[in-house]
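Student: no sequence on this one, just coordinates:
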């Protein structure tokens, strides 16, 4: 039995997106073509690869089995291109990086632009959003994670530890009740994440800072939290590598409240030998290494009035 190898590309697009229209955009074609190619593959293999419903396309049992083989073929093809195309064009195609919003948008975005300029044959995509990414479903080629996965066929390396402190504007502190110790936080608006929408336990740090009945303003977006603090609306837990660059913010109780978290760099084992993925991983690790002092700075308390 033989089949068109190119149909596997359409199969992979549908398997990863679950919808013909989204898969069509990925493939640069229309949904009718995607449907026809998937159906042709099913006829050639003599089996149903997807369960179709109004909610989209879900892999059948045979589709799940084919997915593993199709991804190996996809990775083998990428390695062939890397091996035979030479160093000039080795970094071609697309590399997608998934990252939390703060690290991705604030730290990584301005640096990745340089990586893209240095590799004109490579399309660099950054997905900077607070969510979990599936490397097995190719939602990203490499991921910056707040926790180290304990299972899965993953290649993992630690990027860095980083610290977080409380921050507010000096104007807010001057017109608000005194804030000299941790217990005084009960008199202040605390800005942080919406607890039931936190995508990883590593971000659930407000219980370590204040009581559960603390008056709060919450958002799923770190930049929204930071902007609220910069507007003088309250006290916010922020990564130091972001807050230290804000002229409006000063540290609050840095000796009493300090949190430490870590960033991990992940990719799927099948992707580790692909040149563009290796290059992107090396670039991210190098940039983080150069900025180590920003992730773990020495935070001094603000000067007291009259000091």
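Tutor: Thanks, I have it. Because the structure is predicted, anything quoted here is derived from the model rather than measured. Numbering: from 1, shown residues only.
Student: Distance-wise, check residue 247 relative to residue 109.
Tutor: 20 Å (CB to CB, to the nearest Å). Using the backbone N, CA and C atoms, a C-beta is placed for each residue, glycine as well.
Student: Of the two, which one has the most company?
Tutor: Comparing residue 247 with residue 109 by other CB atoms under 10 Å, the one with more neighbours is residue 109, at 13 against 7.
Student: for the lengthiest strand in the chain, packing partners?
Tutor: Longest strand of the chain, by residue count under DSSP state E: strand 154-169. Counting contacts by 3 or more CB pairs under 8 Å, 6 or more residues apart in numbering; DSSP states H and E, strand 154-169 is packed against helix 222-230, strand 235-239, helix 240-243, strand 249-252, strand 259-268, helix 275-290, helix 292-295.
Student: That one pairs with which strands?
Tutor: Partner strands for strand 154-169, per DSSP bridges, with pairing direction: strand 235-239 (antiparallel), strand 249-252 (antiparallel), strand 259-268 (antiparallel).
Student: How far does that strand sit from its chain's centre?
Tutor: With CA atoms, centre = their mean, to the nearest Å as the basis, strand 154-169 stands 13 Å off its chain's centre.
Student: Find the centremost residue of this protein, please.
Tutor: Closest to where the C-alpha atoms of the chain average out (CA atoms, centre = their mean) is residue 99, at 1.7 Å.
Student: Pull the contacting residues for that residue.
Tutor: Counting by CB atoms under 8 Å, 6 or more residues apart in numbering, residue 99 makes contact with 108, 126, 127, 128, 143, 144.
Student: Identify those among the residues you listed that sit within strands.
Tutor: Members of the contacts of residue 99 lying in strands (criterion: DSSP E): 126, 127, 128, 143, 144.
Student: Just to check, the fourth one is in contact with residue 266?
Tutor: Yes - look at residue 143 against residue 266 with CB atoms under 8 Å: they come within range, at 4.7 Å.
Student: Quick check: residue 102 is in a strand.
Tutor: No - per DSSP: H, G, I helix; E, B strand; the rest coil, residue 102 lies outside any strand segment and is helix.
Student: Read off the pLDDT value for it.
Tutor: With respect to pLDDT, residue 102 scores 94.
Student: ok, so what distance separates it from residue 130?
Tutor: Applying CB to CB, the value for residue 102 to residue 130 is 9 Å.
Student: In the stretch 1-150 of the chain, where is pLDDT below threshold?
Tutor: Where the stretch 1-150 of the chain drops to pLDDT under 70, the residues are 1-2, 78-79, 81-91.
Student: and what of the stretch 151-300 of the chain?
Tutor: Within the stretch 151-300 of the chain, the stretches with pLDDT under 70 are 212-215, 300.
Student: about what we covered before: quickly name whichever of the contacts of residue 99 is closest to residue 179.
Tutor: Among these, residue 128 lies closest to residue 179 (CB to CB), at 31.9 Å.
Student: burial count for the nearest residue in space to that closest one that is not next to it in sequence?
Tutor: Spatial nearest neighbour of residue 128, excluding adjacent residues (CB to CB, 6 or more residues apart in numbering): residue 104 at 2.8 Å. The number of residues packed near residue 104 is 19, by other CB under 10 Å.
Student: Residue 104: what's it in contact with?
Tutor: For residue 104, the contacting residues are 97, 98, 126, 127, 128, 129, 144, by CB under 8 Å, 6+ apart.
Student: Then residue 238?
Tutor: The contact partners of residue 238, by CB under 8 Å, 6+ apart, come to 164, 165, 166, 167, 222, 225, 226, 229, 249.
Student: Fine by me, we can end here.
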